[in-house]
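**Q** predicted coordinates and the sequence they were generated for:
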Protein chains: 2
Amino acid sequence: MSTYPAPFARLIRELCKLPGIGEKTAARLAFHMLKEKREDVLELAESIGRLRTEMDLCRKCFGLSEAAQRSDEGGECKVCQDPRRDREKICVVEEPADMIAVERSQEYKGLYHVLHGTISPLDGVGPDSLRIKELLSRVQSSAIREVIVATNPTVEGEATALYLSKVIKPLGVKVTRIARGLPMGGDLEYTDAVTLSKAIEGRREI
Amino acid sequence: MSTYPAPFARLIRELCKLPGIGEKTAARLAFHMLKEKREDVLELAESIGRLRTEMDLCRKCFGLSEAAQRSDEGGECKVCQDPRRDREKICVVEEPADMIAVERSQEYKGLYHVLHGTISPLDGVGPDSLRIKELLSRVQSSAIREVIVATNPTVEGEATALYLSKVIKPLGVKVTRIARGLPMGGDLEYTDAVTLSKAIEGRREI
């Protein structure tokens, strides 16, 4: 590293902090930025610099939202503001990225709630560290009739789903879990036993 | 893409312009920047933004150099300024990154000259588009006794090496080419025929 000029070494050090980027990739990116048109590089720097001021969490669902320009906009995301969405359903996901993945499938037309994590006692993450209290108050105070739990099919995701069903069902609201089974284009022969058993368990009449 | 809030989509678009970064990686990086500490993200933005103003090409060897703070520093890079370097040798490389690679090997103690490309008639790059004129004037005006051509062992790199030897030799200066052969840790069985023939051709007494 000592062979690089200081501003270059500094950029490489910063790039290395990004996930999946080691020193070699960082150097390649940095050399690219040196060769690239000046405006393009400055635009990238600006986009990164402005990201955190222009983005906000929706104060209702905690998904991504553009920062409110005027205070009367209320800081709600596009989905929460959209009058065409089905306000009787809430899809609970772990992270904002998951919300965007569900949106992209274009199958779901209801509302969302982003937990920002999963219950994981080993990492010291209990229900209080997540946005579960806010979810419960949304369920209680509005016309929600179904909570679709779309946490990841991992140990933590399943535990969180179980916990949610325990605390939400007493409120008289239906709690459902997204189906676990073979992915489209998958192959029975190479599917692990747990997935296969979930797929058989979740079979539906056709 | 339309599902992302605008500042986020903009950042992803900018990141996608970097080499080896597609939309998925860009989204992963962008989500990371959203979660990361604010200072870290701003520091990255600043490093990128300042790169082009703080970096310059050395006006002597055209390698990377920190931008001259005072005009009397002359805009020369650390290597060109270093009085301990052997001023009778010049190592000619294609790109600034190559100069850094040679530096890292700690084998070479002379000066450098960065061509910023190779002769490639198909791409319309002739000797005049490269820093060859400057190389010749350096060779003529100083005490250079050997020019080591360390262009890449590709068709263009070899052609450039050949061209350089043709124009420099008449000046009474020794022109050498870095050795081509098996890389350390390589395997004869899996080495291509051209490399192997170069390795045999370049054999040395032990």
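**A** Thanks, I have it.

**Q** contact partners of stretch A:126-146?
**A** A:60, A:62, A:87-90, A:92, A:110, A:113-119, A:147, A:160, A:163-164, A:167-168, A:171, A:173-176 (Cβ atoms under 8 Å, 6 or more residues apart in numbering or on different chains). (C-beta placed from N, C-alpha, C; glycine too.)

**Q** wait, stretch A:153-173
**A** With Cβ under 8 Å, 6+ apart, stretch A:153-173 has contacts from A:92, A:94, A:115, A:118-120, A:127, A:130, A:132, A:135-136, A:139-140, A:144-147, A:149, A:151, A:175, A:177, A:180, A:198.

**Q** now the buried members of those residues.
**A** For those, a burial check counting by 16 or more other Cβ atoms under 10 Å in any protein chain shown picks out A:92, A:94, A:115, A:118-120, A:130, A:132, A:135-136, A:139, A:144, A:147, A:149, A:151, A:175, A:177, A:198.

**Q** which of those fall in strands?
**A** A:92, A:147, A:149, A:175, A:177 (DSSP state E).

**Q** which strand or helix spans the residue lying closest to the fourth one once chain neighbours are set aside?
**A** Of all residues beyond its chain neighbours, the one nearest A:Val175 is A:Ser165 (4.3 Å), with distances taken as Cβ to Cβ, 6 or more residues apart in numbering or on different chains. Under the criterion of DSSP states H and E, A:Ser165 resides in helix A:155-168.

**Q** quick one: buried residues of that helix?
**A** A:156-158, A:160-161, A:163-165, A:168.

**Q** closest to chain B among the ones in strands among the buried ones among the contacts of stretch A:153-173?
**A** Checking those against chain B by Cβ to the nearest Cβ gives A:Val92 as the nearest, at 18.0 Å.

**Q** pretty sure that closest one is touching A:Val149, no?
**A** Yes. Using Cβ atoms under 8 Å, A:Val92 is in contact with A:Val149, at 5.1 Å.

**Q** the lowest-mean-pLDDT helix or strand in chain A: how far from the chain's middle?
**A** Ranked by mean pLDDT, DSSP states H and E, the weakest helix or strand in chain A is strand A:55-57, scoring a mean of 83. How far strand A:55-57 lies from its chain's middle: 13 Å, per Cα atoms, centre = their mean, to the nearest Å.

**Q** pull out the buried residues from the next helix or strand after that strand.
**A** Where DSSP H and E defines the elements, the next helix or strand beyond strand A:55-57 is strand A:64-66. Applying a neighbour-count criterion of 16+ other Cβ under 10 Å, one finds A:64-66 buried in strand A:64-66.

**Q** now these as JSON lines including distance to chain B and pLDDT?
**A** Formatted as JSON lines, the buried residues of strand A:64-66 follow (distance: Cβ to the nearest Cβ, whole Å; pLDDT from 0 to 100):
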{"residue": "A:Leu64", "distance to chain B": "5", "pLDDT": "87"}
{"residue": "A:Ser65", "distance to chain B": "6", "pLDDT": "86"}
{"residue": "A:Glu66", "distance to chain B": "5", "pLDDT": "83"}
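
**Q** can you lay out the residues you listed as CSV showing distance to A:Thr191?
**A** Shown next, in CSV, are the buried residues of strand A:64-66 (distance: Cβ to Cβ, whole Å):
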residue, distance to A:Thr191
A:Leu64, 33
A:Ser65, 38
A:Glu66, 41
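
**Q** which of those lies closest to A:Arg38?
**A** Of all the buried residues of strand A:64-66, A:Arg38 sits closest to A:Glu66, with 27.8 Å by Cβ to Cβ.

**Q** which neighbouring elements make contact with the helix or strand where A:Glu14 lies?
**A** Using DSSP H and E, the element containing A:Glu14 is helix A:6-15. With contacts taken as 3 or more Cβ pairs under 8 Å, 6 or more residues apart in numbering or on different chains; DSSP states H and E, helix A:6-15 sits against helix A:23-35, helix B:38-54, strand B:64-66.

**Q** nearest to B:Leu11, of the ones you listed?
**A** When the helices and strands packed on helix A:6-15 are ranked by proximity to B:Leu11 (Cβ to Cβ), helix B:38-54 comes first, at 10.3 Å.

**Q** show me chain A divided up by domain.
**A** A:6-51, A:84-205 (automatic domain parsing).

**Q** out of those, deepest packed?
**A** domain A:6-51 (a mean of 17; mean count of other Cβ atoms under 10 Å in any protein chain shown).

**Q** centre of the chain to that domain, how far?
**A** 25 Å.

**Q** repeat for stretch A:179-190
**A** Worked out by Cα atoms, centre = their mean, stretch A:179-190 lies 23 Å from the chain centre.

**Q** identify the residues contacting the closest residue in space to A:Asn152 that isn't next to it in sequence.
**A** Computed as Cβ to Cβ, 6+ apart, the closest residue to A:Asn152 that is not its neighbour in sequence is A:Glu94, at 6.1 Å. Neighbouring residues of A:Glu94 by Cβ under 8 Å, 6+ apart: A:114-118, A:151-152, A:157, A:160.

**Q** give me that answer again for 7 Å
**A** If you count contacts by Cβ atoms under 7 Å, 6 or more residues apart in numbering or on different chains, A:Glu94 has them with A:115, A:117-118, A:151-152, A:157.

**Q** okay, now the unreliable bits of chain A?
**A** Counting by pLDDT under 70, the ranges of chain A that qualify are A:1-2, A:68-74.
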